[in-house]
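Trainee: test case, fold it:
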Amino acid sequence: MTGSVKTILKKIFSIALILNALITIGGVIGILNGFYSTLPFWEPYAPYVINGNLFWLAIIAALVNIFPSASIGRALHTGRFLFHHYVYGLFVFLISAAFITIFTPVSLHRLFFVDSTSVDVNSGRFFLLAGLALFLDDLPDASKRISRFLDWLKLKAYQRRKALFALQTFTGIICLYLSLAIAVFTVQNPARALPDSFLIGSLLITSLTSLALIRRKKWLKITV
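Mentor: Numbering: from 1, shown residues only. Below you'll find the model as predicted:
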């Protein structure tokens, strides 16, 4: 029984890492949108973040983390309750999309391009990404065609594993810098404490995930 609980907790941990990566991407997309739409008049979190373009590296860090994070869960055998959990992920995603469309003033395609403190908007964002995380974690089981495509991507990743390892190291360090820089900015601008705290937390977790995966040499140990 203890082994089963441990397996389930590891699975939840794997999905949580994927979700955090998606939250990081979602948060950074909004910053980059504001940065490019107001050029050259606004630098996000200046002067502590030296250049807004660095946020692209946070997106790369999150993307590079997704595969090894998912592999933690894929190695476990948790069984399934009625359906594969990509079905539940799709269900959560669609319900969240409907909620956002009906009950919030933000259109779905603009959801991650607006700066909002609305509980409804941010709850919708979270559950939309949670559904996507569940779906991505179980993506190879969604169809044989997708599974073959992912196997092809895995082969390409294997061929470039040293470059991916180096990229994860570099972008993970940048994420740590961004989280600390935004934290210092927020101390100086306490009105931003609530919205910025989520971004600081997600960037920090993305960085720590990168550093932990680097320590375990996950990309270097990839097999085909």
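Trainee: buried set for the longest helix along the chain?
Mentor: When every helix of the chain is counted residue by residue (DSSP state H), the longest turns out to be helix 2-37. Buried residues in helix 2-37, counting neighbours by 16 or more other Cβ atoms under 10 Å, are found at 7, 11, 14-28, 30-32, 34-35. Yep, even glycine has a C-beta here, placed from its N, CA and C like the rest.
Trainee: surely residue 25 and residue 61 touch.
Mentor: No. Residue 25 sits out of contact with residue 61 when judged by Cβ atoms under 8 Å, with a separation of 9.6 Å.
Trainee: what's the lowest-mean-pLDDT helix or strand in the chain packed up against?
Mentor: Of all helical and strand segments in the chain, the minimum by mean pLDDT, DSSP states H and E falls on helix 2-37, at a mean of 88. When contacts are defined as 3 or more Cβ pairs under 8 Å, 6 or more residues apart in numbering; DSSP states H and E, helix 2-37 sits against helix 55-74, helix 119-137, helix 193-215.
Trainee: just send those back as TSV, with distance to residue 91 too.
Mentor: Below are the helices and strands packed on helix 2-37 laid out as TSV (distance: least, Cβ to Cβ, whole Å):
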stretch	distance to residue 91
helix 55-74	19
helix 119-137	7
helix 193-215	24
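Trainee: looking at those, which is buried most?
Mentor: helix 55-74 (a mean of 21; mean count of other Cβ atoms under 10 Å).
Trainee: related to what we said a few turns ago, return the distance of the least confident helix or strand of the chain from the chain's centre.
Mentor: Centroid displacement of helix 2-37 relative to its chain, using Cα atoms, centre = their mean, to the nearest Å, is 4 Å.
Trainee: what distance do you get for residue 215 to residue 6?
Mentor: Look at residue 215 and residue 6: by Cβ to Cβ, to the nearest Å, they are 21 Å apart.
Trainee: scratch that, residue 68
Mentor: Taking Cβ to Cβ, one finds residue 68 at 20 Å from residue 6.
Trainee: for residue 65, same thing?
Mentor: Residue 65 is 22 Å from residue 6, by Cβ to Cβ.
Trainee: quick one: residue 115 is in a strand?
Mentor: No. According to DSSP: H, G, I helix; E, B strand; the rest coil, the state of residue 115 is coil, so it is not within a strand.
Trainee: count the residues that sit near it.
Mentor: Number of residues near residue 115 (other Cβ atoms under 10 Å) recorded here: 11.
Trainee: contacting residues around it?
Mentor: 30, 34, 195 (Cβ atoms under 8 Å, 6 or more residues apart in numbering).
Trainee: surely the last one and residue 114 touch.
Mentor: No. With contact defined as Cβ under 8 Å, residue 195 does not reach residue 114; the gap is 11.3 Å.
Trainee: any weak-confidence spans in the protein?
Mentor: The model of the chain has pLDDT under 70 over residues 1-3, 74-84.
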